[in-house]
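1. Sequence first, predicted coordinates after that:
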Amino acid sequence: MNNNTDIIVIGAGHAGIEASVAAARMGCRVSLVSMDINAIGRMSCNPAIGGTAKGHLVREIDALGGVMGILADKTGIQFKMLNKSKGPAVWSPRCQSDKDLYSHEAAKLIAETDNIEMIQDMVKELIVEEMPDESAGYKFYIKGVRTELGREIKCHSVIITSGTFLNAIMHTGKSAVTGGRIGEKSATGLSECMMELGFETGRLKTGTPPRLDKHTIDFGKTEIQPGDEIPTQFSHRKHPAFPNQTQVDCYLTHTSEETHEILRTGFEDSPMFTGRIKGVGPRYCPSIEDKISRFSDKPRHQIFLEPETLDGNTIYMNGFSTSLPVEVQQKAINTVRGLEKTVLIKQGYAVEYDFFPTHQIHLTLETKLVSGLYTAGQINGTSGYEEAAAQGLMAGINAALKIRGETPFILKRSEAYIGVLIDDLINKCPIEPYRMFTSCAEYRLVLRQDNADLRLMRYGNQLGLIENKMIHSLDEKEQLITEAVRVFAAKTVSPNGINDYLESNNSGKLSQNEFIANIIKRNEVELKSLLENDSFKENELAQRILRDSEAMNQIEIEIKYKGYIDRQTVQIESFVRNEEIRIPADFKYEKIKSLSTEAVEKLSRIKPNSIGQALRIAGVRPSDISAIMIYMRG
């Protein structure tokens with residue numbers, strides 16, 4: 001093993017995987033340190049990838065050259081496009097994964113990637129030195145790490161992706177055991193080291209539901225939840241054998257008033273209600289006890305029964321996250337329809353862990369205190385595999401760019417959900433686990449999951465993470481979309497050629513020639529069925545579109561939602577103008593007498609790099625922004 005490397009990544013979860021692979025592919029030597037090298041990419045909670053807005057993140061990660069989409073496609077056992085009954089801005093891909101296969105494929109990927117060395121150990125201490133001067137704002141710069149086994153490894157950058165393991169405690173009823181997952185110990189020493197350097201810390205909480213024995217479930221009493229007949233891949237790298245795994249169903253059932261009464265009997269032993277858990281939990285993924293306490297008027301709550309693996313017998317009880325005593329969990333489960341005789345294999349529990357509030361990092365995810373030190377994932381107060389992976393990718397890219405002396409890579413919130421995620425973390429500095437939603441993105445009609453490649457893949461190519469042949473295919477696709485939108489806006493079709501089709505779709509009929517784009521805009525018209533109409537049989541452009549389902553989907557969206565997209569494009573132009581008005585890193589806000597005390601405190605702490613970013617900081621008023629701009633001009 002080498003005692004010198006370029007980048008040390010601490011933690012081999014979803015953030016650690018992306019950080020390691022990205023940095024290694026960009027030419028850096030990477031040491032990936034994990035307390036258990038058999039736990040690479042382990043799915044601690046729900047064995048699923050994607051979902052509302054999270055699916056957008058996975059598509060963006062893939063477009064930039066990350067690997068989560070590839071792993072999900074290889075190991076998915078059910079694929080589903082969510083929110084199809086709504087507009088395309090909120091369509092979100094999701095897959096149920098085989099958790100064992102996912103971890104296996106992740107470990108295989110790491111092993112096959114050049115420049116990555118795996119180390120089984122625990123990092124206890126950061127080695128830093130004081131900066132010769134603080135002109136860049138840093139107090140220290142990173143030199144390496146020391147481990148539990150006494151190793152000292154020198155490096156240029158460290159990326160901490162420790163998940164829920166920093167000083168972690170697992171709670172079930174009155175029981176409190178140190179550990180970040182059942183059977184896995186906590187990571188100790190690193191938090192204390194960072195606090196000694198001057199970092200602020202806090203505590204957060206997450207939870208996981210029980211796992212059930214599928215052989216003891218009466219699925220006949222539940223509602224089948226099938227996947228899509230034609231599944232959609234996450235990755236833009238198409239795989240001819242997709243889907244690679246046998247596809248399975250999930251199931252839906254519900255709690256009852258009886259379930260809730262039994263759960264209430266455990267409240268006096270609940271670590272949440274007795275104050276033993278100090279950390280703040282995720283608002284949008286509450287425990288079952290939290291649900292029945294906060295929503296006492298609801299007689300039942302949805303429970304999704306989801307297979308964890310193809311070969312095993314465990315079922316994930318989605319919607320029943322809990323830290324109540326085991327006997328209460330078992331008794332309550334047996335009141336749920338279909339689960340009357342079900343045996344609990346693994347109890348639900350809550351995990352409380354350290355995190356570091358995000359006013360302490362830059363948009364690159366590098367810390368403001370220590371040059372070369374990056375944080376990504378739950379250490380930054382996020383929840384979910386996808387949010388962690390997105391941060392890991394960006395941290396890995398930026399660490400590699402800094403070592404190479406190149407310009408940092410920062411995505412604007414007008415360019416990507418990844419940009420929204422990081423911008424929100426720094427400017428809003430959440431005090432509870434942050435979860436991505438489509439409502440977080442004000443430009444969501446432009447930032448759709450289907451056009452992630454058009455938005456981001458050229459960035460991935462410039463970084464060396466996307467191969468040239470992918471860009472060649474992207475160019476062809478973009479040319480087809482542009483040509484189709486232009487031609488359909490300029491060409492007309494006659495009533496004779498189209499009225500039979502329109503009447504069959506209950507979309508009226510033409511009395512004169514009409515532009516094709518205007519026909520596509522009709523609610524009842526689908527582009528695919530329109531182009532399959534006899535009047536387009538000899539049309540070469542139509543046939544090219546029919547052969548490319550992704551391009552066809554984007555053409556239809558671009559035409560149907562043109563007015564809304566144009567409006568958002570104008571808004572983005574205004575947003576970008578504010579982003580381009582830079583604020584010096586050493587700007588002294590306290591010199592502006594007209595700024596409010598709150599504004600000075602927030603601006604000095606977050607150190608926004610643009611007027612646009614300053615506008616998004618809670619507590620900063622428009623009048624404060626005007627004062628800053630006047631001062632900068634003067």
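-> Arrived safely, thanks for sending.

2. got a list of what Ser36 touches?
-> You called it Ser, but residue 36 is Asp. 120, 184 (C-beta atoms under 8 Å, 6 or more residues apart in numbering). Placement of C-beta: from N, CA and C, glycine included.

3. confidence score at it?
-> On the pLDDT scale, Asp36 is placed at 94.

4. repeat for Gln245
-> At Gln245, pLDDT is 97.

5. And the contacts of stretch 404-421?
-> 26-27, 53, 56-57, 60-61, 64, 363-364, 382, 387, 390-391, 393-394, 397-398, 401-402, 422-424, 434, 436, 440-443, 446-447, 452, 455-456, 459, 463, 572, 575-576, 579.

6. Buried among those? Need that as a selection in ChimeraX.
-> Only the buried entries of these go into this ChimeraX selection, using 16 or more other C-beta atoms under 10 Å:
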select :26,53,56,57,60,61,64,363,364,382,387,390,391,393,394,397,398,401,402,422,423,424,434,436,440,441,443,446,447,452,455,456,459,463,572,575,579
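
7. Just the ones in helices from the contacts of stretch 404-421, please.
-> Per DSSP state H, helices hold the following members of the contacts of stretch 404-421: 56-57, 60-61, 64, 387, 390-391, 393-394, 397-398, 401-402, 422-424, 452, 455-456, 459, 572, 575-576, 579.

8. Quick one: the strands in the stretch 51-200 of the chain, in order.
-> Assigned strands in the stretch 51-200 of the chain, in chain order: 76-82, 92-97, 116-120, 123-130, 140-147, 152-154, 157-160, 169-172, 175-178 (criterion: DSSP state E, counting those that start in this stretch).

9. Throw the ones you listed into a markdown table and include distance to Glu192, mean pLDDT and mean neighbour count, thanks.
-> Compiled in a markdown table, these are given as follows (distance: least, C-beta to C-beta, whole Å; pLDDT from 0 to 100; neighbours: other C-beta atoms under 10 Å):
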| stretch | distance to Glu192 | mean pLDDT | mean neighbour count |
| --- | --- | --- | --- |
| strand 76-82 | 40 | 98 | 23 |
| strand 92-97 | 35 | 97 | 27 |
| strand 116-120 | 21 | 97 | 18 |
| strand 123-130 | 9 | 97 | 18 |
| strand 140-147 | 13 | 97 | 20 |
| strand 152-154 | 18 | 97 | 16 |
| strand 157-160 | 14 | 98 | 29 |
| strand 169-172 | 15 | 89 | 22 |
| strand 175-178 | 15 | 86 | 14 |
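
10. who wins for proximity to Thr375 among those strands?
-> strand 157-160 (4.9 Å; C-beta to C-beta).

11. Just list what the closest one packs against, helices and strands only.
-> strand 7-10, helix 14-25, strand 140-147, strand 373-375, helix 385-403 (3 or more C-beta pairs under 8 Å, 6 or more residues apart in numbering; DSSP states H and E).

12. Parallel or antiparallel, which strands does it pair with?
-> strand 7-10 (parallel), strand 373-375 (parallel) (DSSP bridges).

13. Deepest in the core, which of these is it.
-> Most buried of the strands paired with strand 157-160, by mean neighbour count (mean count of other C-beta atoms under 10 Å): strand 7-10, with a mean of 30.

14. then it to CSV, C-alphas only?
-> The C-alpha coordinates for strand 7-10 follow below in CSV (Å, rounded to 0.1, in the frame of the first residue of the first chain):
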residue,chain,number,x,y,z
ILE,A,7,-6.8,12.2,-3.1
ILE,A,8,-8.1,10.3,-0.1
VAL,A,9,-11.8,9.5,-0.1
ILE,A,10,-13.2,8.6,3.4
